[in-house]
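**Student:** just the structure for this:
(one chain, ligands or ions: 1)
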Amino acid sequence: MKTFKSILLTALVLLTTQLSFAQTAPTAKVKAKGPATEQLQIKTSAVCDMCKARLEKAMAYEKGVQQAILDVPSQVLTISYRPDKTAPATLRTAVQRTGYDADEQTADARAYDRLPDCCKKTNNVHTDTGH
Ligand SMILES: [Cu+2]
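**Tutor:** Below is the predicted model of the structure:
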């Protein structure tokens, strides 16, 4: 009977340890969470204001994106995004799907074909409005 009692006690201790572990786990998870917003810069093949409008609009529809601004002269797209909702690789893919290069990744061919001639990357960056 004595051994039974000690087994029961051990089981109770184990159960209590597990319970307290389960209670601390979610708190640790919240603490490990990073900042709510992160920034990503992508070098694109955008060449004009039409590209800027097209890319910014496409990114606005992308999940987890809070803000997207393209600087035409440098061709750099700056995205503010929620790291718990999306990831840099997903955002680069979205840029490719819009028809533009994203860093070292080449634009989606079909999307690129649909771009007007003035937006093709064979053009130099231009700020004139003579589209
Ligand atoms: Cu353009």
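**Student:** near the ion, which residues of this structure? Just list them.
**Tutor:** 48, 50-51, 119 (C-beta under 5 Å from the ion). In short, each C-beta sits where N, CA and C put it, glycine included.
**Student:** buried residues in stretch 119-130?
**Tutor:** 119, 121 (16 or more other C-beta atoms under 10 Å).
**Student:** now do the contacts for L91.
**Tutor:** Applying C-beta atoms under 8 Å, 6 or more residues apart in numbering to L91 gives the contacts 40, 42, 59, 62, 65, 79, 81, 102.
**Student:** contact partners for the second one?
**Tutor:** Which is I42. When contacts are taken as C-beta under 8 Å, 6+ apart, I42 is in contact with 76-77, 79, 91-92, 95, 102-103.
**Student:** so what's the residue most central in space within the chain scoring on pLDDT?
**Tutor:** The residue lying closest to the centre of the chain (C-alpha atoms, centre = their mean) is A87, at 2.9 Å. At A87, the pLDDT value in this model is 98.
**Student:** among the residues of the chain next to the ion, name the ones in strands.
**Tutor:** Within the residues of the chain next to the ion, no residue falls in strands by DSSP state E.
**Student:** tabulate these in JSON lines, adding columns for distance to T127 and pLDDT.
**Tutor:** Shown next, in JSON lines, are the residues of the chain next to the ion (distance: C-beta to C-beta, whole Å; pLDDT from 0 to 100):
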{"residue": "C48", "distance to T127": "7", "pLDDT": "97"}
{"residue": "M50", "distance to T127": "11", "pLDDT": "97"}
{"residue": "C51", "distance to T127": "11", "pLDDT": "98"}
{"residue": "C119", "distance to T127": "13", "pLDDT": "97"}
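**Student:** and L40, what helix or strand is that in?
**Tutor:** strand 38-43 (DSSP states H and E).
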